[in-house]
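*Asks:* Sharing a model prediction with you, sequence too.
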Amino acid sequence: MFKKTAVSKYDCGLNKNKGIKMENKFEGVRGLFVKKREGSPDFVISEIGFRVDEFKQYLDTHNKNGYVNVDILLSKANKLYAKLNDFEPKKKETTVQEKFDENDSLPF
């Protein structure tokens, strides 16, 4: 009746050997549980539960400028799980020469 897809504190609901890995790095979200109740209305995408003490510690550990980004994903076994999103865009470095074109004339 109630299908619970738990995100465990160790492997985020997936077997450690079968986990989805990107760049050989898989970071489950400790203290966060994602579940879908069978028979729930279509507008209910998922339920999310937090084990408060464990999740607080996880947030403190992964806090970057006041944010922790998490992706809710669907496994090949059709189960929901949470994964740390640690994507950081590469900063483009500009030089003084790129900012000013030699053909631009100065106003004075």
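*Replies:* Cool, got the structure. Numbering: from 1, shown residues only.

*Asks:* C-alpha from now on. contacts and neighbour counts both.
*Replies:* Noted.

*Asks:* Quick one: residues contacting Ser40.
*Replies:* Applying CA atoms under 8 Å, 6 or more residues apart in numbering to Ser40 gives no contacts.

*Asks:* What separation is there between it and Glu47?
*Replies:* Using CA to CA, to the nearest Å, one obtains 10 Å as the distance from Ser40 to Glu47.

*Asks:* Val68 now?
*Replies:* Distance of Val68 to Glu47, given as CA to CA: 19 Å.

*Asks:* Also Arg37?
*Replies:* Distance, Arg37 to Glu47, by CA to CA: 8 Å.

*Asks:* go on, Lys79?
*Replies:* Taken as CA to CA, the spacing of Lys79 relative to Glu47 amounts to 13 Å.

*Asks:* Then Leu80?
*Replies:* Leu80 sits at a distance of 10 Å from Glu47 (criterion: CA to CA).

*Asks:* so what's in contact with those two at the same time?
*Replies:* Overlap of the contact sets of Leu80 and Glu47 (by CA under 8 Å, 6+ apart) consists of 34-36.
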